[in-house]
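Visitor: Give me the fold of what follows.
(one chain, ligands or ions: 2)
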Amino acid sequence: MPKTAYVRTKPHLNIGTMGHVDHGKTTLTAAITKVLAERSGSSTSYVSFDRIDRAPEEAQRGITINIAHVEYETDTRHYAHVDMPGHADYVKNMVTGAAQLDGAILVVSALDGVMPQTAEHVLLARQVGVDHIVVALNKADAGDDELTDLVELEVRELLTAHGYGGEAAPVVRVSGLRALEGDPRWTAAVEALLDAVDTYVPMPVRYTDAPFLLPVENVLTITGRGTVVTGAVERGTVRVGDRVQVLGADTETVVTGLETFGKPMESAEAGDNVALLLRGLPRDAVRRGHVVAAPGSVTPSRHFTAQVYVLSAKEGGRRTAVSTGYRPQFYIRTADVVGDVDLGERAVAQPGDTVTMTVELGRDIPLEAGLGFAIREGGRTVGAGTVTEVAGVKAAAAG
Ligand SMILES: Nc1nc2c(ncn2[C@@H]2O[C@H](COP(=O)(O)OP(=O)(O)OP(=O)(O)O)[C@@H](O)[C@H]2O)c(=O)[nH]1
Ligand SMILES: [Mg+2]
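Guide: Ligands and ions are numbered 1, 2, ... in the order given. Below you'll find the predicted structure:
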């Protein structure tokens, strides 16, 4: 049976749930789809909790591991929503999810308040370019008002500390669990949260006229059809039949199919969350972190200069200084690449310092000034930076 094509009737935005493990992100995600599916004339489908956390290991451990995408529509907008994992071991997957967001819902349990990954996610979101955060104080059904007031203050302070303007950020008390059960008080709270997202997260400027670029988030095989890459289009437009370059796989191919949430589309534009079917591309040639782009539109590079903040021990960072020769992982767009740090004459940077460094990555990737990134080591975030300058020529060629 032919699938119904995607019809663009409303502005599309990418949002998602982030926050500490067990604070209720997946439950809230399911509740949002349920509340919207029950509106009259709704085109949203309810996505249950076990269809979001559907990997056997997720069900068994009761935690989210992989990021999951759901779609829904409010009266004014179409959203792709990424439900991210909160567990410290899967921050890596969270960064990939956050890299495509126009705004985020920070889920904080009213019972527990700000916890380590609440803070880490806010920092990472800032770094990968998420400009707006709406707070869901979840489990409000089980908390008392005075404690919840304190948690609210704490969250606002955290947001302000990371440049989000915590005073102005909407903070909505919700219960994902009770809303899922259909309790009217709490379905109304989810409605209020969605109104806050609709009004507080602005429609971003989309660079649809720029050359096409999509950071690969995931790779799948559709039996009989070929290799599919998924992700959010960062800029430009792509149509079925277009030639594209796969940076990382170092090959060119043709887009033979385009879909969003299982619905075919003729063309996708900046902001769209899509699956691209690529002609003749072997499954193992492409992976997360690669970039699909208009041929010749970007020159990948491995050398750059950056302004970097080295996290203090209090923020979960290192206790000891970083020096030239340090080799952590750099999280840039959806890529995760090792890099050699050179601190120049300064030679060392203490936790809490902001420094200029030059970096040589383990492989070439598309880089540009202004690109934000995170630095991680041994499963924790140790730094946050912004590219200030990209060396146009590879060192080997220059020297
Ligand atoms: N009382 C109460 N419990 C809730 C609420 N929302 C979620 N829970 C419970 O909290 C636990 C964790 O919920 P999840 O939705 O899996 O939390 P999560 O944030 O997605 O967890 P990770 O993705 O693993 O980080 C489950 O036992 C939920 O039933 C709520 O609003 N009220
Ligand atoms: Mg979850």
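
Visitor: Can you pull up the residues of this protein that come close to ligand 2?
Guide: Applying Cβ under 5 Å from the ion, we find that the chain lies next to ligand 2 at 25-26, 64. C-beta coordinates here come from the backbone N, C-alpha and C atoms, glycine included.

Visitor: Narrow the residues you listed to those in helices?
Guide: 25-26 (DSSP state H).

Visitor: for the residues of the chain next to ligand 2, which one is nearest residue 48?
Guide: residue 26 (10.1 Å; Cβ to Cβ).

Visitor: so the closest one touches residue 48, yeah?
Guide: No - Residue 26 lies out of contact with residue 48 (Cβ atoms under 8 Å); the separation is 10.1 Å.

Visitor: neighbour count winner among those two?
Guide: residue 26 (25 against 12; other Cβ atoms under 10 Å).

Visitor: so what's the more buried one up against?
Guide: Counting by Cβ atoms under 8 Å, 6 or more residues apart in numbering, residue 26 makes contact with 17, 49, 52-53, 64, 68, 83.

Visitor: Who wins on neighbours among the residues you listed?
Guide: These, ranked by neighbours (other Cβ under 10 Å): first place residue 17, 29 neighbours.

Visitor: how near is it to residue 3?
Guide: Look at residue 17 and residue 3: by Cβ to Cβ, to the nearest Å, they are 27 Å apart.

Visitor: just residue 23 next, same as before
Guide: Taking Cβ to Cβ, one finds residue 23 at 36 Å from residue 3.

Visitor: So for these two, which residue has more residues nearby?
Guide: For residue 23 and residue 3, the more surrounded residue by other Cβ under 10 Å is residue 23, and the numbers stand at 28 against 9.

Visitor: thinking again about what came up before, with secondary structure added, can I get the contacts of residue 26 in a markdown table?
Guide: Below are the contacts of residue 26 laid out as a markdown table (DSSP: H, G, I helix; E, B strand; the rest coil):
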| residue | secondary structure |
| --- | --- |
| 17 | strand |
| 49 | helix |
| 52 | helix |
| 53 | coil |
| 64 | coil |
| 68 | strand |
| 83 | strand |
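
Visitor: can you tell me which of the residues you listed are up against ligand 1?
Guide: residue 64 (Cβ under 6 Å from any ligand atom).

Visitor: Among the contacts of residue 26, which one lies nearest to residue 312?
Guide: Looking across these and measuring by Cβ to Cβ, the closest to residue 312 is residue 17, at 27.3 Å.

Visitor: Residues of the stretch 101-250 of the chain that sit close to ligand 1?
Guide: So the stretch 101-250 of the chain meets ligand 1 at 138-139, 141-142, 175-177 (Cβ under 6 Å from any ligand atom).

Visitor: which two of those lie the greatest distance from each other?
Guide: Going by Cβ to Cβ, the pair spanning these furthest: 142 and 176, at 11.6 Å.

Visitor: Who has more neighbours out of the two?
Guide: residue 176 (30 against 12).

Visitor: Please report how far the more buried one lies from ligand 2.
Guide: According to Cβ to the ion, to the nearest Å, residue 176 and ligand 2 sit 10 Å apart.

Visitor: Now do the same contact list for that residue.
Guide: 24, 27-31, 136, 138, 190.

Visitor: related to what we said a few turns ago, can you list the contacts of residue 26 in a markdown table and add pLDDT?
Guide: Formatted as a markdown table, those follow (pLDDT from 0 to 100):
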| residue | pLDDT |
| --- | --- |
| 17 | 98 |
| 49 | 96 |
| 52 | 96 |
| 53 | 95 |
| 64 | 96 |
| 68 | 95 |
| 83 | 97 |
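
Visitor: so which of the contacts of residue 26 comes closest to residue 273?
Guide: Comparing every one of the contacts of residue 26 with residue 273 (Cβ to Cβ), the shortest separation belongs to residue 68, at 12.0 Å.

Visitor: For whichever residue of the stretch 251-399 of the chain sits closest to ligand 1, report the pLDDT, please.
Guide: Nearest residue of the stretch 251-399 of the chain to ligand 1: residue 379, at 15.6 Å (Cβ to the nearest ligand atom). At residue 379, the pLDDT value in this model is 89.

Visitor: Where do the helices of the stretch 1-150 of the chain begin and end?
Guide: Assigned by DSSP state H, counting those that start in this stretch, the stretch 1-150 of the chain shows helices spanning 25-37, 49-52, 56-61, 91-98, 116-127, 145-161.
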